[in-house]
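In: make a model of this:
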Amino acid sequence: MPYLLGLGLDCEQYRALPVSGGILDQPAGMMKKIRQVLNVYHAYKLYLREGKKPGEQAKWKQAHEDIWDVISEIERLRHGK
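Out: Residues are numbered from 1 along each chain as shown. Below is the predicted model of the structure:
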């Protein structure tokens, strides 16, 4: 598992920051990177749970265009297209 994803999931699970202190005590840029990684992770998880149902994918794409943009980019990167 990528380091930032694991860190982000731990933060969600334990409701704690990665480094002791407050939000301003975190290393520069870390929270933004964790948030970006978690956004992608949660988008893909939602797609796997709801967007891949047989016969429902086109409808799901229309209802979730913003998430579909992320998913299509992930798939493009995964398959080297």
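
In: now do residue 80, the pLDDT please.
Out: As predicted, residue 80 sits at a pLDDT of 81.

In: so how far is residue 52 from it?
Out: Relative to residue 52, residue 80 is positioned 21 Å away (C-beta to C-beta, to the nearest Å). The C-beta positions use only the backbone N, C-alpha and C, and glycine is treated the same way.

In: more neighbours: which of the two?
Out: residue 52 (11 against 5; other C-beta atoms under 10 Å).

In: quick check, pLDDT for that one.
Out: Confidence for residue 52, expressed as pLDDT, is 85.

In: what about this protein, any weak spots by pLDDT?
Out: 81 (pLDDT under 70).

In: would you map the helices across it?
Out: 3-14, 30-46, 57-63, 65-79 (DSSP state H).

In: out of those, which gets nearest to residue 24?
Out: helix 30-46 (9.8 Å; C-beta to C-beta).

In: how about the nearest residue to residue 68, chain neighbours excluded?
Out: residue 61 (4.7 Å; C-beta to C-beta, 6 or more residues apart in numbering).

In: thought that neighbour was touching residue 69?
Out: No: contact criterion C-beta atoms under 8 Å: residue 61 and residue 69 do not qualify, at 9.9 Å.

In: I figured residue 23 hits residue 17, correct?
Out: Yes: Residue 23 is within contact range of residue 17, at 6.7 Å (criterion: C-beta under 8 Å).

In: higher neighbour count, those two?
Out: Between residue 23 and residue 17, counting by other C-beta under 10 Å, residue 17 is the more crowded of the two (16 against 7).

In: show me the contacts for the closest residue to the more buried one other than its chain neighbours.
Out: Closest residue to residue 17 in three dimensions, ignoring its sequence neighbours and counting by C-beta to C-beta, 6+ apart: residue 26, at 6.0 Å. Shown in contact with residue 26 (C-beta atoms under 8 Å, 6 or more residues apart in numbering): 17-19.
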